[in-house]
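A.B. asks: structure of the sequence below:
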Amino acid sequence: MPTHPPSPGLTAPSLRIGMVSTYPPKLCGLATFAAALTGALRDAGHRVDVMRLDDGDEPIGIGQQVAGELVNGLPASLRSAAVTLSRCDTVIVQHEYGIFGGPDGDEVLALLDAVSAPAIVVLHTVPLLPTVHQREVLEAVCRRAARIVVMTESANARLCSSYRLDHTKVDVIPHGAAIPDRPHDGDTASTRPAAPQLLTWGLLGPGKGIEHVIDAMALLADVRPQLRYTVAGVTHPKVFARAGDAYRHSLMRRASTNGIAGSVMFDDTYRNVAQLTRFVATASLVVLPYDSRDQVTSGVLVDAIAAGRPVIATAFPHAQELASSGAVRVVPHGDPSALANAIRAVMLQPEVLVDMTTAARRLAPTMSWSAVGDRYLAVCAELLQLDEPVAI
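C.D. replies: As a prediction, the model looks like this:
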């Protein structure tokens, strides 16, 4: 499936682009993605009208400026949103089953039908084993979209082999990431911790697989200097609403039971994007032990590579795809022994750690939000049949 490369260095008229997504201050990966892409498009000189989805899970509160809100389940809200979005040259719709109203988020179809501007739909999930209705919704979304974006070749292969759609409408544009201003900050004496530092971060909840790393840390107690493992992040709001901090507390108890409580830190400090990027750069190694075998896109994985950090991850599709770069090593799911062996092999062989770090830094520039924004602008240009590409 051909992708559509950017055309750097060329200018074109400013566009008005609609963005439909959850949005800060909501805590979710989709909101973070949409805000970052919006920033990149605005930095390139274009107007972005954000239509923030209100899925009813939490109060919207005070967040970044938006053009309007689409409240799930309210037809009048949908009509108002469609009027605003139809004034745009193109509309980028972030698609995830759980953020739109209706069964499997099927209210998105009414929105796509009501918006007259061409829609670029970004698929954040491509289920390997969808329900009948999930398949119907995704195929209907693809029919209505002027273009479809997936973020990995794994997602592209799955979408085109398992779903009925026009394959020529699909573009592969990677997930973006913030690139540190000084990519070698992680190697300075002021930022590098004295003890080797392993890191997992993100919103916490069952399925993250952090318990497997804690068990692996117990198997690594003999390593000197002693390894330290930081779990950074708060409990996912949806998980917290259902079960409070039960998962987080279970991890703390597990570390204590394994006799390694002093080597496992839980950090719930809030960090903005720049602060988080610098924080990730202080790690020696990022560990992503996710239980899911179905994850075709991982923003945390991309952020780790963008920060120039080597990664050990379970063999979910996005990690397997990036393993060929040399920056990522994959291990079986749910296997603390395999995790421990991989961590030991990397941390006790400085040349391996250096090679993985070099590979990550080599790959990082292709993941910058500015580069990714240019790719979306190139798609907009093709849709609008402009004489010149819009990448700036």
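A.B. asks: output the lowest mean pLDDT helix or strand found in the protein.
C.D. replies: Among the secondary structure pieces of the chain, namely its helices and strands, helix 273-281 has the lowest mean (mean pLDDT, DSSP states H and E), a mean of 85.
A.B. asks: so which bits of that one are buried?
C.D. replies: Of the residues in helix 273-281, 276-281 count as buried by neighbour count, 16 or more other Cβ atoms under 10 Å. Quick note: C-beta positions are derived from backbone N, CA and C, even for glycine.
A.B. asks: same thing with stretch 312-329?
C.D. replies: Along stretch 312-329, these residues count as buried under the neighbour rule (16+ other Cβ under 10 Å): 312-314, 316-319, 321-322, 326-329.
A.B. asks: skip ahead from the least confident helix or strand of the chain and say which helix or strand is next.
C.D. replies: strand 285-288 (DSSP states H and E).
A.B. asks: quick one: the strands in the chain?
C.D. replies: For the chain, the strands defined by DSSP state E occupy 16-21, 47-54, 68-71, 90-95, 119-123, 147-150, 170-172, 197-201, 228-232, 264-267, 285-288, 311-314, 328-331.
A.B. asks: columns distance to L37 on top of these, output as CSV?
C.D. replies: Compiled in CSV, the strands of the chain are given as follows (distance: least, Cβ to Cβ, whole Å):
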stretch, distance to L37
strand 16-21, 7
strand 47-54, 9
strand 68-71, 18
strand 90-95, 7
strand 119-123, 9
strand 147-150, 10
strand 170-172, 14
strand 197-201, 21
strand 228-232, 23
strand 264-267, 27
strand 285-288, 22
strand 311-314, 23
strand 328-331, 23
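A.B. asks: make TSV from those and add distance to R158 and mean pLDDT to it.
C.D. replies: What follows is the strands of the chain, written out as TSV (distance: least, Cβ to Cβ, whole Å; pLDDT from 0 to 100):
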stretch	distance to R158	mean pLDDT
strand 16-21	22	96
strand 47-54	25	94
strand 68-71	28	92
strand 90-95	15	97
strand 119-123	10	97
strand 147-150	8	97
strand 170-172	11	96
strand 197-201	26	94
strand 228-232	30	95
strand 264-267	34	95
strand 285-288	20	96
strand 311-314	18	96
strand 328-331	18	96
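A.B. asks: how about these, which one is nearest V296?
C.D. replies: For the strands of the chain, the distance to V296 is smallest for strand 147-150, at 7.4 Å, taking Cβ to Cβ.
A.B. asks: which strands and helices lie in contact with that closest one?
C.D. replies: strand 119-123, helix 153-162, strand 170-172, helix 369-384 (3 or more Cβ pairs under 8 Å, 6 or more residues apart in numbering; DSSP states H and E).
A.B. asks: and the first one, what's buried?
C.D. replies: Put plainly, it is strand 119-123. The neighbour-count check on strand 119-123 (16+ other Cβ under 10 Å) flags 119-123 as buried.
A.B. asks: about what we covered before: nearest to I214, out of the strands of the chain?
C.D. replies: Across these (criterion: Cβ to Cβ), the nearest stretch is strand 264-267, sitting at 6.0 Å.
A.B. asks: now do the contacts for S298.
C.D. replies: Contacts were defined as Cβ atoms under 8 Å, 6 or more residues apart in numbering; by that measure S298 touches 175, 288, 290, 316, 318-319.
A.B. asks: got it, and T235?
C.D. replies: In this structure, T235 makes contact with 203-205, 244-245, 247-248, judged by Cβ under 8 Å, 6+ apart.
A.B. asks: in this structure, which residue is closest to the centre?
C.D. replies: For the chain, the residue nearest the mean C-alpha position is G299 (2.3 Å; Cα atoms, centre = their mean).
A.B. asks: hang on, that one packs against H175?
C.D. replies: Yes: in this structure G299 lies within contact range of H175 using Cβ atoms under 8 Å: 5.5 Å.
A.B. asks: what residues are shared contacts of the two?
C.D. replies: Taking Cβ under 8 Å, 6+ apart as the contact definition, G299 and H175 share the neighbouring residues F33.
A.B. asks: among the helices and strands packed on strand 147-150, which is the most enclosed?
C.D. replies: Between those, the one whose residues have the most neighbours on average, counting mean count of other Cβ atoms under 10 Å, is strand 119-123 (a mean of 25).
A.B. asks: now do that one against helix 153-162: the angle between them, please.
C.D. replies: Between the axes of strand 119-123 and helix 153-162, defined by axes from the mean of the first three to the mean of the last three Cα atoms, to 10 degrees, the angle is 110 degrees.
A.B. asks: follow-up on the earlier one: report the two of the contacts of S298 separated the most.
C.D. replies: The largest distance within the contacts of S298, taken as Cβ to Cβ, falls between H175 and Y290 and amounts to 15.2 Å.
A.B. asks: show me what contacts T230?
C.D. replies: T230 makes contact with 197-201, 264-267, 283 under the criterion Cβ under 8 Å, 6+ apart.
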